[in-house]
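A.B. asks: Sharing a model prediction with you, sequence too.
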Amino acid sequence: MAAYADARAAANSVLPLATDAPLYDKIRRRTREDGVEAIGSIKDYTLVECFRTHEGKRQLLLGMKKRGFGVGKWNGFGGKFDAGETVRDCALRELEEESGLVPERMEWRAQLLFTFRDSGKLMRVHVFAAEGFAGEPVETEEMAPRWFDVDAIPYAEMWHDDTFWLPRFLAGERFEGWFDYAAGGEATNRVLAHEVVPLPSSTPLKPPRADRNFISPP
Ligand SMILES: Nc1ncnc2c1[nH]c(=O)n2[C@H]1C[C@H](O)[C@@H](COP(=O)(O)OP(=O)(O)OP(=O)(O)O)O1
């Protein structure tokens with residue numbers, strides 16, 4: 001029990017300040033009440049949404065994932081942490097590796113939590129908005145990039161969760177979100193429950209420290 005309390009405190013300490021961890025508590029309650037797998041591990045990722053204005057239209061850059069997790073879906077750019085990296089460094093490195101782009105400006109805007117009914121994994125994705133690019137994105141072995149007008153985002157070919165949070169992100173909101181996926185996760189691509197908690201604009205925003213935490217169920 002003590003180990004669980006310590007791990008829980010460690011997990012909460014890396015959350016953005018304003019949220020007071022309400023989503024983590026809900027996730028834990030859900031895992032107990034529904035009898036699904038308890039949350040066993042948290043793994044951190046970054047995701048960068050790139051914007052530009054082109055011929056008077058606001059556009060979002062998406063990449064068609066060519067391999068690995070999320071293959072066949074349009075998504076922003078990002079991935080796992082290298083050892084010792086900050087959240088921001090990871091986001092910049094992944095964006096450059098996957099698209100060749102380096103932004104002039106990038107701000108942290110959201111944190112997304114993903115659970116899956118048939119696994120104990122909790123994925124935590126730190127999401128940034130970036131803009132100001134010198135050149136065009138290049139296709140890499142992982143992603144084929146394409147600019148989309150923001151009123152023509154291909155939601156039917158994206159992760160289901162995007163339909164719930166991306167419109168709010170495009171509107172400039174800052175938030176924390178939780179998306180509970182059906183068994184099969186990636187293959188079934190169906191969110192069973194979701195919640196988005198806006199962060200007050202007064203929140204001093206800085207990305208939380210990326211840690212890998214392990215939470216043992218009590
Ligand atoms: N459900 C959902 N919606 C939106 N974005 C994501 C998800 N799940 C996700 O994993 N993501 C994002 C988060 C990351 O940006 C990528 C997944 O990263 P991945 O390709 O596994 O990590 P890399 O480090 O680039 O992979 P390798 O190079 O090691 O293969 O998708």
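C.D. replies: Received, thanks. Numbering: from 1, shown residues only.
A.B. asks: Out of the helices and strands in this structure, which is least certain?
C.D. replies: One helix or strand of the chain scores below all others by mean pLDDT, DSSP states H and E: helix 2-13, with a mean of 41.
A.B. asks: Tell me which residue lies nearest the centroid of this structure.
C.D. replies: Closest to where the C-alpha atoms of the chain average out (CA atoms, centre = their mean) is residue 125, at 2.9 Å.
A.B. asks: what's the neighbour count on the residue lying closest to residue 69 once chain neighbours are set aside?
C.D. replies: Spatial nearest neighbour of residue 69, chain neighbours left out: residue 186 (6.6 Å); criterion: CB to CB, 6 or more residues apart in numbering. Yep, even glycine has a C-beta here, placed from its N, CA and C like the rest. Applying other CB atoms under 10 Å, we find 13 residues neighbouring residue 186.
A.B. asks: Assign a three-state SS to residue 186, would you?
C.D. replies: Classification of residue 186 by DSSP: H, G, I helix; E, B strand; the rest coil places it in coil.
A.B. asks: Residue 68 is in contact with that one, correct?
C.D. replies: No: counting by CB atoms under 8 Å, residue 186 does not reach residue 68; the two are 10.1 Å apart.
A.B. asks: just checking, what packs against the strand ranked longest in the chain?
C.D. replies: Scanning the chain for the strand with the most residues, using DSSP state E, yields strand 41-54. Here strand 41-54 touches strand 57-65, helix 87-99, strand 121-131, going by 3 or more CB pairs under 8 Å, 6 or more residues apart in numbering; DSSP states H and E.
A.B. asks: Mean confidence (pLDDT) on the next helix or strand after the second one, please.
C.D. replies: By that I understand helix 87-99. Next along the chain after helix 87-99, taking DSSP states H and E as the criterion, comes strand 105-116. Averaging pLDDT along strand 105-116 gives 90.
A.B. asks: can I get the CA coordinates of strand 105-116 in PDB?
C.D. replies: In PDB, the C-alpha atoms belonging to strand 105-116 read as follows (Å, rounded to 0.1, in the frame of the first residue of the first chain):
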ATOM      1  CA  ARG A 105       7.700  28.800 -32.100                       C
ATOM      2  CA  MET A 106       6.300  25.800 -30.100                       C
ATOM      3  CA  GLU A 107       4.100  25.800 -27.100                       C
ATOM      4  CA  TRP A 108       2.800  23.100 -24.800                       C
ATOM      5  CA  ARG A 109      -1.000  23.000 -25.000                       C
ATOM      6  CA  ALA A 110      -2.500  19.700 -23.900                       C
ATOM      7  CA  GLN A 111      -2.000  16.300 -22.200                       C
ATOM      8  CA  LEU A 112      -3.900  13.300 -23.400                       C
ATOM      9  CA  LEU A 113      -4.300  10.100 -21.400                       C
ATOM     10  CA  PHE A 114      -5.200   6.800 -23.200                       C
ATOM     11  CA  THR A 115      -6.400   3.600 -21.500                       C
ATOM     12  CA  PHE A 116      -7.300   0.400 -23.200                       C
END
